[in-house]
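Novice: Okay, here's the prediction I keep looking at, along with the sequence it came from:
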Amino acid sequence: MKKITKETYINWYRDMLFWRKFEDKLAAVYIQQKVRGFLHLYNGQEAVLAGSLHAMDLTKDKMITAYRNHVQPIGMGEDPKRVMAELYGKATGTSHGMGGSMHIFSKEYRFYGGHGIVGGQIPLGAGIAFGDKYKGSDAVTLCYFGDGAARQGSLHETFNMAMNWKLPVIFIVENNGYAMGTSVERTANHTDIWKLGLGYEMPCGPVDGMNPIKVAEAVDEAIQRARRGDGPTFLEMKTYRYRGHSMSDAQHYRTKEEVEEYKKIDPITQVLDIIKEKEYATEDEIKAIDKEVKDLVKECEKFAEESPYPELNQLYDMVYEQEDYPFIKSK
């Protein structure tokens, strides 16, 4: 694994803080009805992404996830201004304003979506990995899904084929405890989701998803296994989301005290504590990072606010047309 250095911690702090503040701004403009539809925020789960990115080779590895998907493409290299514009439904967005919150996509940076169908990305992730193996590439696909999606039948079909064909894919369940609003304890007679991999003899295990170091170590081991041709891995990232499933979630299934307890192990705070303890940055340098993050969020908001909405005729550009389609005769 790439060495975790002083620069790693500084970058982790800057990136995770930006992702948090970026989504805090989204929550604020959602209330103002500038962002419409559903909005699922990642607050609290940032260590899963930060640790994964450290282990990945961003020149070739790929990522696919569910609809809690705003900050992942930013981590992969996409311009955050374009991501925010997409959420605003603007023409300058990653999908020209046609995808919205749950469908951020960036082919250029190998981020293959946000998917609104629960668990729909699981077989797709295996398919992307199959394509790489078929073409002889040693790229690895990281496929994320929530604890609720772990109950989908497509997961078992995909796990079976992925192991049978030794596909270079890492399945990562981000277990934030509540799926859409029902705890893991109430949806299955087991609470260790990672054990689902045992039935397929797939390497699997739990990971502290609030600690980017633990995440990076586990993902690195899985990536090396996949690159060797030894097939997939299933990791259960035990994490927590501070906000509701979506902005419309009243969160009656948990207490405010429980949320506050998890905030004591906030991934951003954990990294900042190490930075201060090891004197990787002075107070002034930390304040400078905080200001840099705040300014970039403002820049993203300004870009989204000032960008135009798509022209009406753009609707027709998004429809597939085949002139020689069988059974249809032109007049």
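Specialist: Thanks, I have the structure now. Residues are numbered from 1 along each chain as shown.

Novice: Now name the helix or strand holding Gly114.
Specialist: Gly114 is part of no helix or strand, with elements assigned from DSSP states H and E.

Novice: Next: Ala91.
Specialist: Per DSSP H and E, Ala91 falls between elements, in no helix or strand.

Novice: Secondary structure class of the closest residue in space to it that isn't next to it in sequence, three-state.
Specialist: Nearest residue to Ala91, sequence neighbours excluded (Cβ to Cβ, 6 or more residues apart in numbering): Pro310, at 4.4 Å. (Each C-beta comes from the backbone N, C-alpha and C, glycine too.) Judged by DSSP: H, G, I helix; E, B strand; the rest coil, the three-state class of Pro310 is coil.

Novice: give me the number of residues near Pro310?
Specialist: Counted with other Cβ atoms under 10 Å, the neighbours of Pro310 add up to 18.

Novice: same check, this time on the one 3 residues further on
Specialist: Taking other Cβ under 10 Å as the criterion, the count of residues near Asn313 is 7.

Novice: Endpoints of stretch 208-215, how far apart?
Specialist: Distance between the two ends of stretch 208-215: 7 Å, counting by Cα to Cα, to the nearest Å.

Novice: same check, this time on stretch 316-326
Specialist: 21 Å.

Novice: follow-up on the earlier one: the residue nearest to Ala91 against Met98, yeah?
Specialist: Yes. The criterion here is Cβ atoms under 8 Å, and Pro310 meets it with Met98 at 7.1 Å.

Novice: Model confidence at the residue nearest to His40 when sequence neighbours are not counted, what's the number?
Specialist: Leaving out its chain neighbours, the residue that sits closest to His40 by Cβ to Cβ, 6+ apart is Arg68, at 4.4 Å. pLDDT recorded at Arg68 is 96.

Novice: Would you agree Arg68 falls within a helix?
Specialist: No. Counting by three-state DSSP, Arg68 is not part of a helix but coil.

Novice: buried residues in stretch 50-70?
Specialist: 50-56, 61-70 (16 or more other Cβ atoms under 10 Å).

Novice: what residue ranges in the protein score low on pLDDT?
Specialist: 327-331 (pLDDT under 70).

Novice: what are the ranges of the strands in it?
Specialist: 62-64, 141-146, 169-175, 204-208, 233-238 (DSSP state E).

Novice: which residues sit against the third one?
Specialist: Read that as strand 169-175. Contact partners of strand 169-175, identified using Cβ atoms under 8 Å, 6 or more residues apart in numbering, comprise 45, 48, 52, 68, 122, 125-126, 128-129, 140-147, 149-150, 155, 158-159, 162, 184, 193-194, 197, 209, 219, 222-223, 226, 232-239.

Novice: Provide the strand pairings for that strand, with the direction of each partner.
Specialist: Paired neighbours of strand 169-175 in the sheet (DSSP bridges): strand 141-146 (parallel), strand 233-238 (parallel).

Novice: Done for today, thanks.
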